[in-house]
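Trainee: sequence unknown, structure follows:
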């Protein structure tokens, strides 16, 4: 896994793992029950990306690495590789994404070491794949709209993690997709974002850096609020001060209704497309709802509520149950801040149900 934590270093030290190469961690048993390995531990595991069933290759040249990666991933004598090849060859054009990765990508380094070489290896692999695999070729424009559902349902990812100039870990797998079950679409492993890293930097000065959480959620959801226009309700930002999330939404062209006891940054307070409501975010109801107890037949189209409010998990869940359970909005992005090390599983299950 990339960017993975499992209860901190103390927990990692107590799990039997293998390291095929520095920078790559491999759990021997994919079905491992961490709560059994670590009695009394229920820490969450979080990864930006996974590289399933990877192979580790060592070759001196870029072309040598690319060819060895192809040979290993498409080995006809390997039952899994043969099955993948059969399925991938029937996948629609444009459904295979090739990602070049290096370990420093997950450390916030502006120019990660070996990135150029990793990209060259990936380009060579992609060129070889295009010769033999239709899924690696760009979708034809005239057929792209017709086959968009097939592409969404059949996403494949080939990841190349360059660990050293002559050593690479590579993985070819079909992604799990939510396109069939949720109004927004996500895939795992992440098909769109190399190393699962969302593009969240804004060059101009913002009221706070919290906006990165909001932009990251939009990337992972594959969805975002629409720009302001006729019949588009404002995005409701609860607990908005000082305005990091409101500011990001305004840069996206959205009209925003911001609620907080404290005012926003001066620039946002003077913005004509920002309506500030001073008050309790937990008691606020959107303008299209008549009273707090009202439950709508259906949420308004393109309606969003976002919130980075500081509150105990149970209060955040109550907020979710109101806005989702009463169908006040069609989309919600909200943060749940844990208190201490204990994971509030009951509240998280309630949040999921909401």
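Mentor: Cool, got the structure. Small disclaimer: the values here were computed from a predicted structure and weren't measured.
Trainee: counting contacts, what elements does the longest helix along the chain pack onto?
Mentor: Secondary structure of the chain per DSSP state H: the longest helix is helix 115-132. With contacts taken as 3 or more CB pairs under 8 Å, 6 or more residues apart in numbering; DSSP states H and E, helix 115-132 sits against helix 62-73, strand 96-101, strand 156-164, strand 167-174. No exception for glycine: its C-beta is placed from N, CA and C like everyone else's.
Trainee: Parallel or antiparallel, which strands does the strand or helix carrying residue 333 pair with?
Mentor: Element membership for residue 333, per DSSP states H and E: strand 331-334. Sheet pairing here is set by DSSP bridges, and for strand 331-334 it gives strand 304-307 (parallel).
Trainee: Let me know the average pLDDT across the partner strand.
Mentor: Strand 304-307 comes out with an average pLDDT of 98.
Trainee: cool, stretch 136-156 as well?
Mentor: Stretch 136-156 comes out at a mean pLDDT of 69.
Trainee: Same check on stretch 221-235?
Mentor: Mean pLDDT, stretch 221-235: 92.
Trainee: Check stretch 186-203 too.
Mentor: 88.
Trainee: how about that stretch: buried residues?
Mentor: By neighbour count on 16 or more other CB atoms under 10 Å, the buried set for stretch 186-203 is 186-198, 200.
Trainee: hang on, the earlier thing: make CSV out of the helices and strands packed on helix 115-132 and add distance to residue 346.
Mentor: As requested, those are exported to CSV (distance: least, CB to CB, whole Å):
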stretch, distance to residue 346
helix 62-73, 43
strand 96-101, 37
strand 156-164, 35
strand 167-174, 34
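Trainee: And whichever helix or strand comes after the strand holding residue 333, what does it pack against?
Mentor: Next helix or strand after strand 331-334 toward the C-terminus (DSSP H and E): helix 345-353. Contact partners of helix 345-353 among helices and strands, from 3+ CB pairs under 8 Å, 6+ apart: helix 313-325.
Trainee: Leaving out the residues flanking it, which one is nearest to the residue nearest the centre of the chain?
Mentor: Centroid check for the chain by CA atoms, centre = their mean gives residue 220 as the closest residue, at 3.2 Å. Excluding the flanking residues, the one nearest residue 220 by CB to CB, 6 or more residues apart in numbering is residue 186, at 5.8 Å.
Trainee: tell me the contacts of the one you found?
Mentor: Taking CB atoms under 8 Å, 6 or more residues apart in numbering, we find residue 186 in contact with 177, 178, 220, 221, 222.
Trainee: Out of those residues, which comes closest to residue 291?
Mentor: Distance to residue 291 across those (CB to CB) is lowest for residue 221, with 30.1 Å.
Trainee: Please tell me how far that closest one sits from residue 268.
Mentor: Residue 221 is 24 Å from residue 268, where distance means CB to CB, to the nearest Å.
Trainee: And the two? Which one has more around it.
Mentor: Taking other CB atoms under 10 Å, residue 221 and residue 268 do not tie; residue 268 has more neighbours (22 against 16).
Trainee: so the more buried one sits in a helix?
Mentor: Yes. Assessed with DSSP: H, G, I helix; E, B strand; the rest coil, residue 268 lies in a helix.
Trainee: Around the closest residue to it other than its chain neighbours, count how many other residues there are.
Mentor: Nearest non-adjacent residue to residue 268, counting by CB to CB, 6+ apart: residue 243, 4.5 Å away. Neighbour count of residue 243, defined by other CB under 10 Å: 29.
Trainee: what do you get for residue 310?
Mentor: By other CB under 10 Å, 9 other residues sit near residue 310.
Trainee: thought it was touching residue 337?
Mentor: Yes. Taking contacts as CB atoms under 8 Å, residue 310 lies within contact range of residue 337: 6.5 Å.
Trainee: where are the low-confidence patches of the stretch 1-150 of the chain?
Mentor: By pLDDT under 70, the low-scoring segments of the stretch 1-150 of the chain are 1-46, 141-150.
Trainee: now what about stretch 68-80, what contacts it?
Mentor: Contacts for stretch 68-80 (CB under 8 Å, 6+ apart): 53, 55, 57-59, 81-82, 84-85, 121, 125, 128-129, 158, 160, 168, 170-172.
Trainee: If you drop the residues flanking it in sequence, what lies closest to residue 162?
Mentor: Among residues not flanking residue 162 along the chain, residue 118 sits closest, at 3.9 Å (CB to CB, 6+ apart).
Trainee: mind listing what that neighbour touches?
Mentor: Counting by CB under 8 Å, 6+ apart, residue 118 makes contact with 100, 101, 102, 160, 161, 162, 168.
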